[in-house]
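Engineer: Fold the following, please.
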Amino acid sequence: MGIGERRKPRPDGQPGFLRTDTVHQGDLDGVKGVYPIHAVDEVTQWQGVVSVEKISEAYLMPALEKLLEEFPFVIRGFHTDNGSQYVNKCVAHLLEKLRIEQTRSRPGKSNDNALVEGKNGSIIRKQLGYEHLSQRFAGPVNEFLLGVLTPYLNYHRPCLFAEERIDEKGRRTRRYPYGLVMTPWDKLRSLPDAARHIKPGITLEGLDAISREVSDNEATRRVQKARGKRFQLFNQTQNHAA
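Structural biologist: Okay, here's the model as predicted:
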């Protein structure tokens, strides 16, 4: 029996169905860079990002566990492309243990993982760029991704949410009205009976308190400042090594 059903996830309006992808942070003289792992919830667009030094079981499995922990709601589905880093017995066992359904992209259906692939460009590449980042920087990169960028993305950065309409001929069209521009946190708490989706030990009140710790502008400044400091460190270290 194959690992993961090849089909599009069916969240039915529930959070917890993740689209996941790996971003390769460049090669230098044949040496691989760090690998950010990016997951986006289909319904709320809540995001989680971690990085690993190498795509191997020893590095990937702890990173995936950490990634899944970052989401405040129960994870029900985990969708990826057909890369071997995800389609293997170790990942399948982890997801089975957590009772998470594993699905993967279908042949000829390039949009199956489009949500996270689009955000790879608008988020990951915008923040980390395209240049090589040495594997030894996985720790500082994670400090930035988990400590600064992730809270900004989920509590302070607005996303577009679609409004779908079906005309008299049965054709589906999507609009993105201004009233549906909101942060992932705003989208999560707007869901009917949102509290029932939250993990044990987490409350909507606690999440709301996190969202109010800093303003949107201050969160943006923190991302810019932290990114600047880290890239200064990366450039100095790599230039010195050269």
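Engineer: Now the residue nearest to Glu42 when sequence neighbours are not counted. Its backbone dihedrals?
Structural biologist: Spatial nearest neighbour of Glu42, chain neighbours left out: Phe17 (4.8 Å); criterion: CB to CB, 6 or more residues apart in numbering. To be clear about C-beta, it is placed using only N, CA and C from the backbone, and glycine gets the same treatment. With angles defined as degrees, to the nearest 10, Phe17 sits at phi -110, psi 100.
Engineer: what are the bridge partners for Phe17, then?
Structural biologist: Gly77 (DSSP bridges).
Engineer: So the nearest residue to Ile3 once chain neighbours are set aside: helix, strand or coil?
Structural biologist: Leaving aside its sequence neighbours, Ile3 sits nearest to Ala92 (CB to CB, 6+ apart; 4.7 Å). Under the three-state scheme (DSSP: H, G, I helix; E, B strand; the rest coil), Ala92 adopts helix.
Engineer: Quick one: residues contacting Ala92.
Structural biologist: By CB atoms under 8 Å, 6 or more residues apart in numbering, the contact list for Ala92 reads 3-4, 102.
Engineer: Among those residues, find the lowest-pLDDT one for me.
Structural biologist: Across the contacts of Ala92, the smallest pLDDT goes to Gly4, namely 84.
Engineer: How much space separates that residue from Gly48?
Structural biologist: Going from Gly4 to Gly48 by CB to CB, to the nearest Å gives 19 Å.
Engineer: Then Leu188?
Structural biologist: Taken as CB to CB, the span from Leu188 to Gly48 is 14 Å.
Engineer: Model confidence for Gln238, exactly?
Structural biologist: So Gln238 comes in at 55 (pLDDT).
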